[in-house]
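In: What shape does this take:
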Amino acid sequence: MCVNCRVFDQIRLPEGYEKRYIEWHIPREDETLDEYTRKMAEEIDTSEPFILVGYSLGGIIMQEMNRFLRPEKNILISSMKRTEEIPRLFRVAKEIRFSERFPKSLYSVNKAITLLFTRLVYDMSAEFIERCVTYTSPEYMHWTTHQITHWEPVEPCPNLYHIHGTKDQVFPSKQIQDAYKIEEGDHVMVMKKAEEVNRLINEIIISDVS
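Out: As a prediction, the model looks like this:
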């Protein structure tokens, strides 16, 4: 949830398809997930067929968009789509009301922890962190932490294809059902295993199965 769209720079689409990014915006403190999602959706050209791809928190946003948009297909990467797939850590955070109890002011201190976590847990370089981990403002992190730990799918997202790594550190692979699994893929496999992710995305896009 802290990275920008540069993590998709190595993703290549089939001929005839154009890749368009939608970057995060800093939410209002009282902004609902539905309001946030609809604001992001304003950047989508719905006058022609389109496919949505959502990564991690973006996968939640993508599924929420399906409440009012009708994409041809939805490709979910390194995220969750069912109640059974919600990580135990998220459930505990919700039960103890972590996002409400953790003062927003402390998120400014948490920036250093976030950067260290990204480097050590995901084994990413300092160059990657400087280039891609840019959404670390206290307001943004407080709001997104609440949204991702409180979200639960209400109904199945139609035409959904899930790509997931077997070593994902955030969403344990053993809880993920009905997905294309990438062996040894972790939560940032869109960069580390871009070739394999590209292959699956391309297969899904050109497939006639819906």
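
In: can you list the weak-confidence ranges in the protein?
Out: 102-122, 208-210 (pLDDT under 70).

In: now the helices for the protein?
Out: For the chain, applying DSSP state H gives helices covering 33-41, 57-65, 88-95, 98-101, 107-121, 126-132, 138-150, 189-192, 194-206.

In: Please report how far Lys39 lies from Thr32.
Out: Using Cβ to Cβ, to the nearest Å, Lys39 is found at 11 Å from Thr32. Just so you know, the C-beta spots here come from the backbone N, C-alpha and C atoms, and that holds for glycine as well.

In: do Glu72 as well
Out: Taking Cβ to Cβ, one finds Glu72 at 27 Å from Thr32.

In: got it, and Val170?
Out: For Val170 relative to Thr32 (Cβ to Cβ), the value is 23 Å.

In: more neighbours, those two?
Out: Taking neighbours as other Cβ atoms under 10 Å, Val170 and Thr32 compare with Val170 leading, 19 against 11.

In: Find the nearest non-adjacent residue to Ala93, please.
Out: Thr149 (4.2 Å; Cβ to Cβ, 6 or more residues apart in numbering).

In: Contact partners for that neighbour?
Out: Phe90, Ala93, Lys94, Phe98, Ser99 (Cβ atoms under 8 Å, 6 or more residues apart in numbering).

In: What is the burial count for the first one?
Out: Phe90 sits with 19 neighbouring residues when counted by other Cβ under 10 Å.

In: That one contacts Ile148, doesn't it?
Out: Yes. Phe90 lies in contact with Ile148 (Cβ atoms under 8 Å); the separation is 7.0 Å.

In: and the most centrally placed residue in the chain, how far is that from Pro14?
Out: Residue closest to the average C-alpha location in the chain (Cα atoms, centre = their mean): Ser56, at 2.1 Å. Counting by Cβ to Cβ, the gap from Ser56 to Pro14 is 23 Å.

In: Could you do Pro172 as well?
Out: In terms of Cβ to Cβ, Pro172 sits 31 Å off from Pro14.

In: what about the two, which has more around it?
Out: Set side by side, Pro172 and Pro14 show more neighbours around Pro172, with 16 against 11, by other Cβ under 10 Å.

In: Skipping its backbone neighbours, what lies nearest the more buried one in space?
Out: Pro172 sits nearest to Pro87 (Cβ to Cβ, 6+ apart), 6.3 Å away.
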